[in-house]
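[1] Next comes the sequence, and after it the predicted model I'd like to discuss.
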Amino acid sequence: MNKIAENLTDDDRAGEHHAALARADWQNALFATPPSRYRLSQLKPQWPLTPLNIQVYRNHPFEFVAGQVPVFAAYAGFDTHFSYSDYDDTLAFTDTVAGDLGILWLDYSRYDASMEGEQLLDWLLERIARLGELSPAPLLVCNRAPLDERADAFNRRLADRLEAVADTFLCDLSAIRKELGDDYFDERNLALAGSPLSNAACMELARSFGLEWIPAAIAPRLKSIVVDLDNTLYAGVAEEDGIAALRLEDTHRALQEQLAALAASGILLAACTKNDPETVQRIFRERRDFPLGIENFCCVSANWASKARGVADIAGKLSIGTDAMLFVDDNPAEIAAVASAHPGIHTLLAGASPVSTVDVLKRFPRLGSRHARPEDSLRAADLRANRLRADIRARAIDDSEYLASLDMKLAFHLNPARLRGRLRELSAKTNRFNTGLRRFSEREIAARLDNDEDIVVAVGLRDRLSDSGIIAALFGHHKRDAVVIDEICISCRALGRELEAVILLEMFDRIMHLADAPDLVVRFTEGPKNATAAQCLDSVLGSAVPTGPGLREYHCQRRNLPEAPGRQYVRILWEMHNA
Amino acid sequence: MPEGDIDTLVRECLSLVLGRPVDADTPLDRRHDADWDSLRHVELIFMLEDRTGMRFTEAESTGLQSVDDIVALIRSRHEA
């Protein structure tokens, strides 16, 4: 049982229990094809929601879509409130208000007479940049819905160009238009209320906004799916029916293929099952017709203990919080028990027919691959390599032999604009080794990368067992004769290889040299989980000076920086981007 | 469908769309109800189509001004 669960009151447990079952009840209405406006209007969330103020910048009505978003967003944990600009083709943003998120909702046909193609894109990107100056909120940008070559070309270029703009996310209206065909429009509504959208289009757009687009812009992608086996991945119970008798229907095959695809996109797939470990091995060894193999699972908890304990074990082995997990099981009692033990865990009740499980997974909040990064797919391989590292360490004579055997390489990137998204992720997600807890937005990081006075460093790690990708970040700035460090974060995956001091001292020495600064200041903010970072700074830089409640500063001169222990086991490379 | 059931269904849908109770026997007319604007009217049409499986024409949708109008239209469709 994890620490959070130990501190739960009975009321907390009951609340989580009921919320998980209520959410399971919602699944049929939310993921139906098509969703029923009547059924959705009767759903009222029974779990706490995070308020989210959304500002819509528009040149045509959005209210018909917005009216249906809250019920979908509630399933994702958000209480959405919309504010609207005037209908403004010029995108002057005169009524910009502070919000948590912006939506750019445009009928592009209104520009056809004045601008086309690249000219329209140039103007649009200039307006988006202007909005970025006025509001720090992330922005969802809708593309063109009509189906023709010109719209397709525009949409491709828009997607390409938004890639380079911090904190902007594309909403693919054209995909919904393709799915619905002519049912996307309803001319009656143009006459009644000035919107050409049909009921079906409003519902599908609201579902995409509420379940997929808004959560993806606001919250990080989930890291792991923990899935039950019996009656979830196949029909039957292995221990009772026998492995040969387990039935793989088309719907189970579709579910297994989808899970394999999610695993390939970087989601860590784990199994939590009440079975003997040998049975689980035999299932995947003997059932060669299963799309999933045992190698697709990063972790398997197979025993007769509670699934809440199994989930806790998996979270520990994967070094992730249970709030970054989706637990999938066909038994409502297991769903409720796991939710009670692990507040914040996401749950999905697998249906009697797994077709519905596939449908739910396709749209489940924060699970899509639209914001997947290269590091996501490296994570699973890195975790598998961790098991090999543990074996090597156990067999080594001492730490020196172990570290030397890894053949570690650290690549330092100074001001790497292309790594902006990963840098934001490190600042947002790291807890144990995060010195500033600043939680920088992508736009703030982009501004730092553009500013000559700021310093941004990303650190990549690989060894002979795996490529861990970008595992550390530093954000600092120049101040007279000093380099001031605002935040250093190191991913949990990189901890345990005795590299923290090497990473810190290499960054300090190089950036002080480049800045010709003799003095170093490292600002530290105490948090609930970052004692590891404090201990490392203490060991490298000595004691710190308190500067406020929970705040302190470490001071050091370049000539006094110590040698990094373990430096001899690491090869180091620097790559300057725009230094 | 009996007329009483149609009236109940229309009032239930209108209540869900307006976000307030719509009591039985209270005459409701969109010309005299600020909440029942064009946005809500389109949402009501969508929801009624959802519930009844009917599809109303543009002229019918525009012409519906009151609960009684809607009940009468649905009843006539049933009788047809």
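    Sure thing, it's come through. Worth saying up front: this structure is predicted, and the values here are computed from it rather than measured. Residues are numbered from 1 along each chain as shown, chains lettered A, B, ... in the order given.

[2] So which residues on the stretch 151-300 of chain A come close to chain B?
    Applying CB under 8 Å from any CB of the partner chain, one finds that the stretch 151-300 of chain A approaches chain B through A:187-189, A:191-193, A:195, A:199, A:202. Quick note: C-beta positions are derived from backbone N, CA and C, even for glycine.

[3] how about 6 Å then?
    A:188-189, A:191-193, A:199 (CB under 6 Å from any CB of the partner chain).

[4] swap in chain A?
    Along chain A, the residues adjacent to chain B under the rule CB under 6 Å from any CB are A:36-38, A:41, A:63, A:188-189, A:191-193, A:199.

[5] For the residues of the stretch 151-300 of chain A next to chain B, which two are the farthest from each other?
    Farthest-apart pair in these is A:191 and A:199; separation 15.1 Å (CB to CB).

[6] When the two are compared, which one has more neighbours?
    Using other CB atoms under 10 Å in any protein chain shown, the more surrounded residue of residue A:191 and residue A:199 is residue A:199, with 21 against 12.

[7] Out of the residues of the stretch 151-300 of chain A next to chain B, list just those in helices.
    Cross-referencing those against helices under DSSP state H gives A:188-189, A:191-193, A:199.

[8] For those, give me CSV that also has pLDDT.
    What follows is these, written out as CSV (pLDDT from 0 to 100):
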residue, pLDDT
A:188, 86
A:189, 86
A:191, 82
A:192, 82
A:193, 81
A:199, 94
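
[9] Share the number of residues neighbouring the residue nearest to residue A:132 when sequence neighbours are not counted, please.
    Spatially, and ignoring its direct neighbours in sequence, residue A:132 is nearest to residue A:443 (6.1 Å; CB to CB, 6 or more residues apart in numbering or on different chains). Neighbour count for residue A:443, taken as other CB under 10 Å: 21.

[10] thought residue A:443 was touching residue A:139?
    No. At 9.4 Å, residue A:443 does not count as touching residue A:139 under the criterion of CB atoms under 6 Å.

[11] all helices for the stretch 151-300 of chain A, in order.
    Using DSSP state H, counting those that start in this stretch, the helices assigned to the stretch 151-300 of chain A run over residues A:173-180, A:187-193, A:199-207, A:214-218, A:238-241, A:250-264, A:277-286.

[12] Could you dump these into JSON lines and include distance to residue A:87?
    Formatted as JSON lines, the helices of the stretch 151-300 of chain A follow (distance: least, CB to CB, whole Å):
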{"stretch": "helix A:173-180", "distance to residue A:87": "18"}
{"stretch": "helix A:187-193", "distance to residue A:87": "13"}
{"stretch": "helix A:199-207", "distance to residue A:87": "18"}
{"stretch": "helix A:214-218", "distance to residue A:87": "22"}
{"stretch": "helix A:238-241", "distance to residue A:87": "60"}
{"stretch": "helix A:250-264", "distance to residue A:87": "40"}
{"stretch": "helix A:277-286", "distance to residue A:87": "57"}
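
[13] Out of the ones you listed, which gets the lowest mean score?
    Among the helices of the stretch 151-300 of chain A, helix A:187-193 has the lowest mean pLDDT, at a mean of 84.

[14] ok, residue A:368 - contacts?
    For residue A:368, the contact set (CB atoms under 6 Å, 6 or more residues apart in numbering or on different chains) comprises residue A:212.

[15] Next, the residue of the stretch 251-400 of chain A with the smallest separation from chain B: secondary structure please.
    Nearest residue of the stretch 251-400 of chain A to chain B: residue A:359, at 19.5 Å (CB to the nearest CB). Look at residue A:359: counting by DSSP: H, G, I helix; E, B strand; the rest coil, its state is helix.
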